[in-house]
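> Structural data only, the sequence is not supplied:
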Ligand SMILES: Nc1ncnc2c1ncn2[C@@H]1O[C@H](COP(=O)(O)OP(=O)(O)OP(=O)(O)O)[C@@H](O)[C@H]1O
């Protein structure tokens, strides 16, 4: 029978072959993600998080194993990915950047301006609609990336550490905005982060990966009600307990990854 989950992976494995030998980036990933779920992924550097998202986005092919991704609406793109760091087009205005996916789809200009304006408002970018990226801060550019992903209205959002390069204050603001926009959309979302705080603020579940080769070490249920208020959430006893649990799971993996880096 065809699975009913939004995403299902079976024994997903990825081996990169290069002149210096082969690297097993992912080994036997068995994961199921429910429709409308927000899953955060944490794990030490180099454990295969980006590779996993790239396979789901169709940018990389697995070496073995299977991936099922359920499309409910063939009119919509299945996935949209927000990459690490700055990926805006410098020659386009903020509106043109945000509406880019709609232009590619051939959406008429009036409709794409209206849709872009709606998301610019949600992401606090309306004042900068006609600005160029060089006139904006890093935080503003990441808002463009997030708005662009939502505007294309995919069934599944794949976000690879989108706030990793931001300072603490901008990160908090963007987390708040992402929560608001996501809670209104109910889109199945996968979000890579190095921050346990961020994973708990955003996620329904947190997948903890092992150091190289990347496997699933544990999946932790966050079970904190929505809509979420970041400040009260961070001071709750449940948040502190989950933080401790995830850190205990991660600590050993981070140390293994550091030892491996020193040995290379
Ligand atoms: N194109 C490639 N060719 C060869 N090896 C690769 C390639 N892409 C990734 N790797 C290797 O696969 C492993 C997993 O890389 P990946 O970027 O997925 O990890 P990550 O968990 O996202 O890391 P980080 O947290 O530092 O972003 C690493 O050992 C990396 O060097």
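Good, I have the coordinates. Please read these numbers as outputs of a predicted model, since none were measured by experiment. Residues are numbered from 1 along each chain as shown.

> so who does residue 10 touch?
By CB atoms under 8 Å, 6 or more residues apart in numbering, the contact list for residue 10 reads 30, 65-68. Where you see a C-beta, it was placed from the backbone N, CA and C, and this is true even at glycine.

> rerun at 7 Å
30, 65-66 (CB atoms under 7 Å, 6 or more residues apart in numbering).

> Are we agreed that it is in a helix?
No. Applying DSSP: H, G, I helix; E, B strand; the rest coil, one finds residue 10 to be strand, outside a helix.

> Dump the contacts of residue 10 into CSV; add pLDDT and secondary structure as well.
Shown next, in CSV, are the contacts of residue 10 (pLDDT from 0 to 100; DSSP: H, G, I helix; E, B strand; the rest coil):
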residue, pLDDT, secondary structure
30, 98, strand
65, 98, strand
66, 97, strand
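
> so is the closest residue to the ligand within the stretch 151-264 of the chain in a helix, a strand, or just coil?
Closest residue of the stretch 151-264 of the chain to the ligand, CB to the nearest ligand atom: residue 212 (5.9 Å). With three-state DSSP as the basis, residue 212 sits in coil.

> and what of residue 91?
Assignment for residue 91 (three-state DSSP): coil.

> What about residue 237? Give its phi and psi, please.
phi -60, psi -30 (degrees, to the nearest 10).

> Tell me how many other residues crowd it.
By the criterion of other CB atoms under 10 Å, residue 237 has 7 neighbours.

> residues in contact with the residue nearest the centre of the chain?
In the chain, the centroid-proximal residue (CA atoms, centre = their mean) is residue 159; its distance is 2.0 Å. Contact analysis of residue 159 by CB under 7 Å, 6+ apart lists 82, 189-192.

> Name the residues of the protein found near the ligand, please.
16, 18, 23, 25, 43, 45-51, 212 (CB under 6 Å from any ligand atom).
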